[in-house]
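Asker: Sequence isn't available, so here's the structure alone:
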């Protein structure tokens, strides 16, 4: 059985890693969709799809996990097209793991087996919380695989995120 | 005279039906634009354009209304192109009925006669209120034509909408 | 059973009308997709989706056919998304009629029953041939329903098409 | 040295004019990007790119400033593509002036010299404040170059903006 | 009277310059649309919109022509939206000059006065012919304003174009 | 050093495999871009990005190659944005391998080291030739890795391709 999971992975953290391990106990292989692939350089989506690709593959390799497929998936601005969009970009799969009600509903209406995900330590292992820690200067390095912390360092990610927090001091000189 | 009206019709309700009847007293035929056609499976826009097409045509047929044109219209992300987009997709029309100030302004600047719409029973016959009733489990079936209630039943629309209300329990597994 | 057929209908001709009649012998109702809806004002696609909507609905009404759904469908530039795009815009259907191998293959892979279409008089009843006649000034009015000929007249369609044939006399002043 | 600045210029006001003058003290010429070019007819973006083009060029001509390039720039919905998009549409430049942290970060990561902008009189010379004054009927004409006030008059801009403020009185008749 | 003309200007040549001069004899000012603005780096469209912007503005300044507006215009993939797209991006105009039948037809149907353009020396002053000369190594510099030749030199345009002519030697390693 | 190569891989064949091996002699790891990711179900692009993802990863795993990153890359319809688009989707790389002059030029203008690719056996190992063999019924299985032949079998790829060759027998029933 091949399973599918999708996330934004901003950044990839230990909770994600745990979920991947759990799914692989019941599946031959896992397809990991990197969602919202076209976004980066915002407070909610600071890292590019390429940076996230590297975070995930280095972390999984360090765990000697090799039976995974990584697929960046750009958003399509239309829910009824979304499942077909995922199907076109990924190898065929049988099961979908998600806790997102929309993702679950769309795959359910398309006839897939849909399962919930059992998350641990959600008060720490959460993209939102980790991004807030990075910005505030709190310690966040223990919440992500070591490889992820190294990549954020390499790409100067902390100062990128802090730059993005500074409020726009000039009206009328818009961001893109 | 051919008249144009546009709505999202999420869902088509008795207030909409009343408006169509009123316009047809003064027009030979009516073009009904199904707006935001590319959206579905959200709390604000639960039904696909195809489902809404069916709701409207079955309800009007039951009323023996036949002089209407139904046209799904996808949003274009640019107001200055919107009138041209509507014109390209619809048979020619002379009058526009709307209570939306932007719709009225855009057609007014394009040289159309623009009229307001006289709505009855707005505390009940309102898409927002009907969608809330569906989700809460209140009785909503009397606020829509019988055919619309049947279609929502057929497509399992109530449980679709309830699924969409459940808050996302996992951070980082994004919706499309 | 509800059936689906798609065409560009540039313009809607007697062959199309014949096909609609045949399908309705075996189906409760027919969904007619107006393909390539966003195009017009080219030699291959001279008429807007709205003009084609009018051609088809007036022709079918004259035949007292009322169990049809007309749906303009804009192209999506990706084959694997196309079936989902059609599904989102149309009422549900069970059977697909087409002679286009790609249309047939895509619906077949999506699990639909797919049937071929039996066309009569293809040396006359063909969009390409009728467009050529219009441009050359040959008699084309007998190949389309009377209502279609009237609409082309009303919208000044013949001189629109002839204008489009004149070769571009200036290099570097591009078309849109 | 050629410098680049981008704004939405809704509308172009005396603060913008002052910034252009300052930059031209240190640059041979200035490229002025008219951002969010595809938007108009909203409260935040009432004027079309063409109307803004006219506002800026007439104001600068009145000041005998001629060493400027005006370039409308549509948003691209992806930050990582934005700098390349600007580069493709504009003559080459060396320096970027902005107070927007995202604009600054994106150009900084792309290797440009990025400078802050020194704004005067921000409690008056601000697009947001001027748009509010126009809507409320307060005197705003002194906050923009005389040419801008004339253009807003010509295009009936004040009544356009007031039309846009009236709340939507009908549910289900959506805006585009 | 304000007039509008559109071209791809790949590159801007002496024929274009001549047309601009002619139109300005009958118009107060001219809006020059740089068409197909999003394309570059192909044999048909080698130069970016920004490079073409520079070619035109430098050439006109050298002629002491200042009453012009330069507006890059990206293609929209739908003829019926094209006039609205041009209108949104440009200051208002009264007359359109073109020899392109589609451009003329679209503006004519939208109610504009449309005029033909009188081109001189078309066997030499033609974008296609000049691009061929550049690639073959023939003398082309006399067919464009001196400023255009300088810009093509600055941006290394000749070797860019020659690179693009080399046939793709590997199957399956596609161009973007 | 990390290297980048892009292809459509319709299908992935022994020549591609050979190129990957050669590049890995000089690079730590390779990023393989699956180009034109949004296309499938045409004669030129029969396989989806997901099917090609599977072809490549299974073939490389069978060779015990693990230091590769697979990234589907949708076309963007604008050459000047293409390099930024690739950069956003992929881990950082230093060298680009290609024989496509446009790919080479675009990366060269963006400052990358660009190398040519040394292809063997091009009269057999070519996507075009292999697709022709599949359609004609000639033996093609020896020209691709065993895993690719298995996947094409699994997805019923041969009959998909043959279906696509049958000429459209009906005018006016358009392909999507």
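Answerer: Arrived safely. Quick caveat: nothing in here was measured; it's all calculated off a predicted structure. Residues are numbered from 1 along each chain as shown, chains lettered A, B, ... in the order given.
Asker: Apart from its chain neighbours, what residue comes closest to residue A:19?
Answerer: Spatial nearest neighbour of residue A:19, chain neighbours left out: residue A:117 (5.4 Å); criterion: CB to CB, 6 or more residues apart in numbering or on different chains. Using the backbone N, CA and C atoms, a C-beta is placed for each residue, glycine as well.
Asker: Would you mind stating the distance between that neighbour and residue B:114?
Answerer: 51 Å (CB to CB, to the nearest Å).
Asker: you'd agree the residue nearest to residue A:19 is up against residue A:103?
Answerer: No: with contact defined as CB atoms under 8 Å, residue A:117 does not reach residue A:103; the gap is 10.6 Å.
Asker: Which of these two has more residues huddled nearby?
Answerer: Counting neighbours by other CB atoms under 10 Å in any protein chain shown for residue A:117 and for residue A:103 shows that residue A:103 has the greater number, 28 against 19.
Asker: any idea which element that one lies in?
Answerer: helix A:101-109 (DSSP states H and E).
Asker: Could you pick out the residues of chain A near chain F for me?
Answerer: Counting by CB under 8 Å from any CB of the partner chain, chain A comes close to chain F at A:37-38, A:40, A:48-51, A:53-54, A:57, A:61, A:66, A:69-72, A:74, A:87-92.
Asker: Filter those down to just the buried residues.
Answerer: Buried by 16 or more other CB atoms under 10 Å in any protein chain shown: A:37-38, A:40, A:48-51, A:53-54, A:57, A:69-72, A:74, A:87-91, out of the residues of chain A next to chain F.
Asker: just checking, which of the residues you listed belong to helices?
Answerer: A:49, A:50, A:51, A:53, A:54, A:57, A:87, A:88, A:89 (DSSP state H).
Asker: all strands for chain A, in order.
Answerer: A:2-7, A:29-34, A:68-72, A:95-97, A:113-115 (DSSP state E).
Asker: Just put the ones you listed in JSON lines and tack on mean pLDDT.
Answerer: JSON lines is the format used below for these (pLDDT from 0 to 100):
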{"stretch": "strand A:2-7", "mean pLDDT": "97"}
{"stretch": "strand A:29-34", "mean pLDDT": "98"}
{"stretch": "strand A:68-72", "mean pLDDT": "97"}
{"stretch": "strand A:95-97", "mean pLDDT": "97"}
{"stretch": "strand A:113-115", "mean pLDDT": "96"}
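Asker: Distance to chain E for these - can I get that in a markdown table?
Answerer: As requested, the strands of chain A are exported to a markdown table (distance: least, CB to the nearest CB, whole Å):
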| stretch | distance to chain E |
| --- | --- |
| strand A:2-7 | 26 |
| strand A:29-34 | 21 |
| strand A:68-72 | 17 |
| strand A:95-97 | 32 |
| strand A:113-115 | 36 |
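Asker: mind checking which of those is nearest chain D?
Answerer: strand A:68-72 (12.0 Å; CB to the nearest CB).
Asker: Next, the angle from that closest one to strand F:29-34.
Answerer: Between strand A:68-72 and strand F:29-34, the angle comes out at 60 degrees (axes from the mean of the first three to the mean of the last three CA atoms, to 10 degrees).
Asker: for strand A:68-72, packing partners?
Answerer: strand A:29-34, helix A:49-62, helix F:49-62, strand F:68-72 (3 or more CB pairs under 8 Å, 6 or more residues apart in numbering or on different chains; DSSP states H and E).
Asker: Given the last one, what are its sheet partners and their directions?
Answerer: Counting by DSSP bridges, the strands paired with strand F:68-72 are strand F:29-34 (parallel).
Asker: can you list the residues that contact the strand it pairs with?
Answerer: F:2-9, F:20, F:23-24, F:49, F:52-53, F:56, F:67-73, F:86, F:89-91, F:93 (CB atoms under 8 Å, 6 or more residues apart in numbering or on different chains).
Asker: And stretch A:136-149, by the same measure?
Answerer: Contacts for stretch A:136-149 (CB under 8 Å, 6+ apart): A:11-14, A:17, A:55, A:58-59, A:62, A:124-125, A:129-130, A:132-134, A:152.
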